[in-house]
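**Q** Next one to model:
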Amino acid sequence: MYPRTIAIALLLMTMVVFPGCAQNRTGSQMKSINNAKTLSAAEWDQFANWMKNSMIQTGVFNRYRGPDGGPTVIAIADWENNTTVTAFSRDKTVMENAIRKTLVNSGRAVVNRDVGGSGAKADSLTQNIGELRGSAEYDQSTVPDLGSAKAPALGLFMQINRIPVQDGRTTQYDYAVNCQLIDLKTKYSVWEDQFLMSKQFVRGL
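**A** Down below sits the predicted model:
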């Protein structure tokens with residue numbers, strides 16, 4: 001019985017020291033996972049910053065200031081997934097959120113939420129706010145006047161391509177995101193850039 005008593009005691013000690021194998025990790029406890037077959041939210045944030053900096057450096061915002069000299073009015077135009085990765089079509093909202101946040105918070109641009117291409121979802125609130133005009137329930141000085149909304153001057157078109165390159169057990173995926181700002185009056189492309197992101201996957205032995 002003595003060895004059995006020792007075994008039970010050791011088991012109880014193990015349960016106290018290691019209360020469970022499955023734990024939820026948050027914040028700084030989370031480990032970095034490199035999934036080479038897609039792009040993470042952090043990588044979309046990085047891409048959005050690259051794009052914003054490129055726009056600022058070329059001066060396109062200064063050339064397309066708002067009618068009152070304010071920020072450039074942009075609409076999110078079409079988003080083309082030219083890869084076989086269906087996640088890019090499903091998760092494009094994450095990409096759009098990163099772009100909109102970066103552009104708007106820069107103070108150089110505002111995003112029109114009333115119109116957009118396949119890369120954007122029009123906001124029902126901005127579309128329906130005009131219905132309050134003339135209502136006796138609302139202070140009309142707080143309701144937008146007819147003609148007060150500013151149409152977007154530029155449309156942001158984006159296309160993503162993926163090129164896989166394999167060397168032995170290593171596969172590298174080169175992601176190329178082509179971006180264009182289109183003058184919505186002239187239909188001309190007035191700014192273009194292509195952003196490259198490469199990720200590698202090493203197959204196990």
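**Q** what residue ranges in this protein are flagged as low confidence?
**A** Low-confidence segments of the chain, defined by pLDDT under 70, are located at 1-35, 118-129, 131-132, 142, 144, 147-148, 205.
**Q** residue nearest the centroid of it?
**A** For the chain, residue 95 is the residue whose C-alpha lies nearest the centre (Cα atoms, centre = their mean; 2.0 Å).
**Q** That one contacts residue 44, doesn't it?
**A** Yes - counting by Cβ atoms under 8 Å, residue 44 is a contact partner of residue 95 at 4.8 Å. C-beta here means a position set from N, CA and C on the backbone, and glycine is covered the same way.
**Q** what ranges do the helices span in this structure?
**A** Remark: helices assigned in the chain by DSSP state H are 2-17, 41-58, 60-63, 87-90, 92-105, 124-128.
**Q** got the CA coordinates for the fifth one in PDB?
**A** This means helix 92-105. Provided in PDB are the C-alpha atoms of helix 92-105 (Å, rounded to 0.1, in the frame of the first residue of the first chain):
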ATOM      1  CA  LYS A  92     -11.500  42.100 -47.000                       C
ATOM      2  CA  THR A  93     -13.400  44.000 -44.300                       C
ATOM      3  CA  VAL A  94     -10.200  43.700 -42.100                       C
ATOM      4  CA  MET A  95      -8.200  45.200 -45.000                       C
ATOM      5  CA  GLU A  96     -10.700  48.000 -45.600                       C
ATOM      6  CA  ASN A  97     -10.800  48.800 -41.900                       C
ATOM      7  CA  ALA A  98      -7.000  49.200 -41.700                       C
ATOM      8  CA  ILE A  99      -7.000  51.400 -44.800                       C
ATOM      9  CA  ARG A 100      -9.900  53.600 -43.700                       C
ATOM     10  CA  LYS A 101      -8.400  54.000 -40.200                       C
ATOM     11  CA  THR A 102      -5.000  54.900 -41.500                       C
ATOM     12  CA  LEU A 103      -6.100  57.400 -44.100                       C
ATOM     13  CA  VAL A 104      -8.700  59.200 -41.800                       C
ATOM     14  CA  ASN A 105      -6.400  59.400 -38.800                       C
END
